[in-house]
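Enquirer: Sequence first, predicted model second:
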Amino acid sequence: MPDEIVTLYTKEAPETPVPCSRTEYYDNDFTTYKAHYPALVDVFLFNSYGDLLLQKRGRNKRNNPGRLHTTVGGHISWGEKAQFSVVHECLEELGASPLVFSPDAYPSAFERLVSYTHKVALLCERGSFFRNFSEDPIEGRRSIKDRIWLYFGIYDGPIDIPDRQSAGYEWIDLETLKKEFQISPAQFTDGLKWYVETFGSEMSEFIKRYATK
């Protein structure tokens, strides 16, 4: 099976993508590619009750096997835009069709389409950013760095698992999740903990506004 060609960026040239094989990057991420950030999409889906859907990573995963992580996520393949990759990842990992809206368009789109969340995931773009754990005072022991396009959304439909690398999904409310981080931290990825710590207040506001039950 040919190696996936993924998209990299540098902070110095954030509008200029760089192609690289996935294996080549991760074998040389802090030597040849120490200034580069792989491009990723990460999605957090909530249902109408405000519960968060987490994906359990497959046991065959190179990193964090068997741990709970974001709802959907993955590399942006070379030649793709984030807006296409997020659709591809949702179909591949969740089996759900997403509709993606800008923050300005989302409120009116949600109002018009909320009755269809049992069929499609309504996603809101939350922006993109560079993340470097080596610069974080808490996570500084880790070498992970990424450029991430982040999405929140509402979804009440069925869950398929067409991607064999996923071991399943679990719904959990945000407050229970925060408690579980303290009780049983090993069942979650460090990335998930970072997201909730960094964007937890935004998640709570999103739930308050768009969880309708």
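Expert: That came through fine.

Enquirer: Show me the residue sitting in the middle of this protein in space.
Expert: When C-alpha atoms, centre = their mean is applied to the chain, the residue found nearest the centroid is residue 42 (1.7 Å).

Enquirer: where does that residue fall, phi/psi-wise?
Expert: Main-chain dihedrals, residue 42, degrees, to the nearest 10: phi -130, psi 130.

Enquirer: Please apply the same query to residue 160.
Expert: With angles defined as degrees, to the nearest 10, residue 160 sits at phi -100, psi 160.

Enquirer: Which pLDDT value goes with it?
Expert: Note on residue 160: pLDDT of 81.

Enquirer: Which parts of the chain are helices?
Expert: Here the chain has its helices, by DSSP state H, at 22-27, 82-89, 106-113, 174-183, 190-210.

Enquirer: how about the second one: buried residues?
Expert: In other words, helix 82-89. For helix 82-89, the neighbour count (16 or more other C-beta atoms under 10 Å) marks 82, 85-89 as buried. Using the backbone N, CA and C atoms, a C-beta is placed for each residue, glycine as well.

Enquirer: re the thing from before, any idea what the residue nearest to the centre of the chain is bridged to?
Expert: Note on residue 42: beta-bridge partners residue 73, residue 150, judged by DSSP bridges.

Enquirer: doesn't residue 70 make contact with it?
Expert: Yes. Using C-beta atoms under 8 Å as the test, residue 42 is close enough to residue 70 to be in contact (4.8 Å).

Enquirer: Quick check: neighbours shared by these two?
Expert: Counting by C-beta atoms under 8 Å, 6 or more residues apart in numbering, the common neighbours of residue 42 and residue 70 are residue 195.

Enquirer: follow-up on the earlier one: which of the helices of the chain has the highest mean neighbour count?
Expert: helix 82-89 (a mean of 19; mean count of other C-beta atoms under 10 Å).

Enquirer: Mind giving me the packing neighbours of that one?
Expert: If contacts are counted by 3 or more C-beta pairs under 8 Å, 6 or more residues apart in numbering; DSSP states H and E, helix 82-89 sits against strand 37-46, strand 72-75, strand 97-101, strand 145-154.

Enquirer: change it to 10 Å
Expert: The contact analysis (3 or more C-beta pairs under 10 Å, 6 or more residues apart in numbering; DSSP states H and E) places helix 82-89 against strand 37-46, strand 72-75, strand 97-101, strand 120-132, strand 145-154.

Enquirer: Turn those strands into TSV, including mean pLDDT and distance to residue 31.
Expert: Formatted as TSV, these follow (pLDDT from 0 to 100; distance: least, C-beta to C-beta, whole Å):
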stretch	mean pLDDT	distance to residue 31
strand 37-46	97	15
strand 72-75	93	20
strand 97-101	96	36
strand 120-132	95	16
strand 145-154	96	13
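
Enquirer: how about these in JSON lines, adding distance to residue 211?
Expert: As requested, the helices and strands packed on helix 82-89 are exported to JSON lines (distance: least, C-beta to C-beta, whole Å):
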{"stretch": "strand 37-46", "distance to residue 211": "6"}
{"stretch": "strand 72-75", "distance to residue 211": "19"}
{"stretch": "strand 97-101", "distance to residue 211": "17"}
{"stretch": "strand 120-132", "distance to residue 211": "12"}
{"stretch": "strand 145-154", "distance to residue 211": "7"}
